[in-house]
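*Asks:* sequence and computational prediction follow.
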Amino acid sequence: MRKPAELYACLYVKEFPAQALLRLRPELHEKPCVVMEGETPFEVVCSLNTKARLLGLRRGMTRVEVDTFVDAVVLSRSLETEKATKAVLLECAGAFSPCIEERSDPVAFLCVLDIAGTQNLFGPPEMLAKSLRQRVRALGISGQVTVSSSFHAAVCLAKGLTRSVLQIVPPGKEATALAPLPVGTLDLRENQAETFGSWGIHTLGMLAALPEKELVARMGQDGKRLRQLAVGELPHLFQPVDVPFVLEERAELDFPLEDLESLLFGLSVMLEQLILRAKARIVALAIVTVTLHLDDGDSHSRTVRPAQPTNDRQLWLKLLHLDLEAHPPHAAILTVVLHAEPGSASKVQLGLFSPQLPEAGRLDVTLARIAALVGEGNVGQAVLDDTNTPEGFHLEPFQVDTAASEPQSLPNYACLRQLRPPQATAVVTERGYPRSFSFRNQRCVVERAYGPWLKGGEWWNETIWGQELWDLIARAQDNTLLFCCVVRDIIQDQWQVVALYD
């Protein structure tokens, strides 16, 4: 039996603490930035971007040394932001292969994808590597991608490359590709580095040229393992990790923020990343929850749920703006977490003579604006309850029907306008029938009366009620006809005008 073909793609991100912090801060991309860790005053630089390196900044510098560079932007390391960014990168890699192994270190992110057998989905390895690097760049991260049939060769090449280029190693050419790399690429121990330095071994090609027996005699099995690494022949037991699909973005602020407009600028960048990740999985954002961690230790969470899942960033930003404007946080903001639930992006195909459906996005914005004025619980569609109680209905969120239906002819019904609140009135009766009543400062004479309809019920509840309903056609003092519905509370003997007919 033949051994199954192996093929690995390695994604390597240098200066990961700095890139994780700058990913959602486009205003700092053109500035020299350093990330410092440790307690004051013993802080040191643990990561920096390219512009800071060109300015002369280096890892290990103290805060006093960094302050001598006027243009440098100092950021504090955030392990939570790095954890969130790592999850985003693993999820991005998971779109190309379900088998992923992570081998990150404190200042760099590294994961290896098993891409054997993916040619039918993503094309040749060159095309997959290019697509992976483009997807990572779209997330705001600059990384290197290498492809090799040897797991360790792909890892060493990714660590040893000085430029962000694609490196595809043909099968059997691993030793040639690894030869120019420095020996330090193998993460040697201190005594091993001193030994190779004393021997004059500086590259992996020089290490591979050493005779294996003599190397094992002097360094033991570690020498054999290092030589196998140098020629790309060390076997590896792949250990995949589980990569869940979670649409979440996290941003920690440098100082407490109280301005809503500045918060919306950050939310716009975070929404753009969420939509980009959702589109890569061919889904849309159905529910977005923004959680604000405040300066007083409390948190403020708001959830926006439009009528239909959508990837319209401007629509989401407007809905979040209206919601936060109606429910602002009570303290300054320190951290912003944006979480989204995916949904299917449905499309409707109407018939040739079908009416145009209302645009769901405009309906959501209109409802949000109305809710900001009258309150959230007072906007929706009325749904009747299974009861005869007056006002026996409740409100539910509007739902846009996506199914195309044929136009139907509706019967001609009169429109009943409910008065809220009902208007109390004094009714003059004759032989049990209403003859006149007052309404809006006018005396109305009843010309026709229909009724009464008696209703009452729910005797099993504590509240007992009974009503007598009349439909009246009356003429007011200004000679106008009035079509109305009046109700008499039998228990309290009170009359009210509850509705008008058009």
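*Replies:* Looks like it came in fine.

*Asks:* in the chain, which strand has the most residues?
*Replies:* Scanning the chain for the longest strand, with DSSP state E as the assignment, gives strand 442-457.

*Asks:* quick one: strands adjacent to it?
*Replies:* strand 433-439 (antiparallel), strand 465-475 (antiparallel) (DSSP bridges).

*Asks:* return the member of these having the minimum mean pLDDT.
*Replies:* Lowest mean pLDDT within the strands paired with strand 442-457: strand 465-475, a mean of 88.

*Asks:* quick one: contacts of that strand?
*Replies:* Residues outside strand 465-475 that contact it (C-beta atoms under 8 Å, 6 or more residues apart in numbering): 389-390, 434, 436-437, 439, 444-458, 481-491, 501. In short, each C-beta sits where N, CA and C put it, glycine included.

*Asks:* may I have it as PDB, with CA atoms only?
*Replies:* Presented in PDB, the C-alpha positions along strand 465-475 are these (Å, rounded to 0.1, in the frame of the first residue of the first chain):
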ATOM      1  CA  TRP A 465     -66.900  42.800  33.400                       C
ATOM      2  CA  GLY A 466     -70.000  43.200  31.200                       C
ATOM      3  CA  GLN A 467     -70.600  45.500  28.200                       C
ATOM      4  CA  GLU A 468     -73.500  46.600  26.000                       C
ATOM      5  CA  LEU A 469     -72.400  47.600  22.500                       C
ATOM      6  CA  TRP A 470     -74.300  49.900  20.100                       C
ATOM      7  CA  ASP A 471     -73.600  51.000  16.500                       C
ATOM      8  CA  LEU A 472     -75.100  54.400  16.100                       C
ATOM      9  CA  ILE A 473     -75.800  56.800  13.100                       C
ATOM     10  CA  ALA A 474     -76.200  60.200  14.500                       C
ATOM     11  CA  ARG A 475     -76.400  63.800  13.200                       C
END
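
*Asks:* low-confidence ranges, the stretch 301-450 of the chain, go.
*Replies:* 346-360, 387-390, 399-414 (pLDDT under 70).

*Asks:* that one: strands as residue ranges?
*Replies:* 333-343, 381-384, 393-396, 416-425, 427-430, 433-439, 442-457 (DSSP state E, counting those that start in this stretch).

*Asks:* which of those has the highest mean neighbour count?
*Replies:* Neighbour counts (mean count of other C-beta atoms under 10 Å) averaged over each of these peak at strand 333-343, with a mean of 19.

*Asks:* what are the pairing partners of that strand, and which direction each?
*Replies:* strand 247-257 (antiparallel), strand 284-294 (antiparallel).

*Asks:* any idea which of the ones you listed is most buried?
*Replies:* Most buried of the strands paired with strand 333-343, by mean neighbour count (mean count of other C-beta under 10 Å): strand 284-294, with a mean of 19.

*Asks:* centre of the chain to it, how far?
*Replies:* Counting by C-alpha atoms, centre = their mean, to the nearest Å, strand 284-294 is centred 7 Å from the centre of its parent chain.

*Asks:* swap in stretch 186-193?
*Replies:* That offset, for stretch 186-193, works out to 43 Å (C-alpha atoms, centre = their mean).

*Asks:* which among the strands of the stretch 301-450 of the chain is found nearest to residue 112?
*Replies:* Counting by C-beta to C-beta, residue 112 lies closest to strand 333-343 out of those; the figure is 26.8 Å.

*Asks:* just the CA trace of that closest one, in CSV.
*Replies:* Presented in CSV, the C-alpha positions along strand 333-343 are these (Å, rounded to 0.1, in the frame of the first residue of the first chain):
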residue,chain,number,x,y,z
ILE,A,333,-17.0,52.9,27.6
LEU,A,334,-13.8,50.9,28.0
THR,A,335,-14.3,47.8,25.8
VAL,A,336,-16.7,47.1,22.8
VAL,A,337,-17.7,43.6,21.9
LEU,A,338,-19.8,43.0,18.8
HIS,A,339,-21.4,39.6,18.4
ALA,A,340,-23.6,38.4,15.5
GLU,A,341,-25.7,35.4,14.8
PRO,A,342,-25.6,34.2,11.1
GLY,A,343,-28.7,33.7,9.0
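
*Asks:* can you list contacts of it?
*Replies:* In contact with strand 333-343 (C-beta under 8 Å, 6+ apart) are residues 80, 245-253, 256-258, 263, 266-267, 270-271, 274, 278, 281, 283-295, 309.

*Asks:* repeat the analysis, applying 6 Å as the threshold.
*Replies:* 247-253, 256-257, 270, 274, 283-293, 295, 309 (C-beta atoms under 6 Å, 6 or more residues apart in numbering).

*Asks:* ok, now stretch 307-320?
*Replies:* 268, 271-272, 275, 284, 286, 304, 343, 345, 360-361, 364-365, 368, 400.

*Asks:* from the residues you listed, which single one is nearest residue 17?
*Replies:* Out of the contacts of stretch 307-320, the member with the shortest distance to residue 17 (by C-beta to C-beta) is residue 272, at 22.4 Å.

*Asks:* check which helix or strand the closest one maps to.
*Replies:* Element membership of residue 272 [criterion: DSSP states H and E] is helix 260-280.

*Asks:* which elements pack onto that helix?
*Replies:* strand 247-257, helix 313-326 (3 or more C-beta pairs under 6 Å, 6 or more residues apart in numbering; DSSP states H and E).

*Asks:* mind redoing it with 7 Å?
*Replies:* Judged by 3 or more C-beta pairs under 7 Å, 6 or more residues apart in numbering; DSSP states H and E, the packing partners of helix 260-280 are strand 247-257, strand 284-294, helix 313-326, strand 333-343.

*Asks:* just how off-centre is that helix within its chain?
*Replies:* 8 Å.

*Asks:* neighbours of the nearest residue to residue 279 once chain neighbours are set aside, how many?
*Replies:* In space, and not counting its chain neighbours, residue 279 is closest to residue 311: 6.1 Å by C-beta to C-beta, 6 or more residues apart in numbering. A count of neighbours around residue 311, defined by other C-beta atoms under 10 Å, yields 16.

*Asks:* many thanks, I have nothing further to ask.
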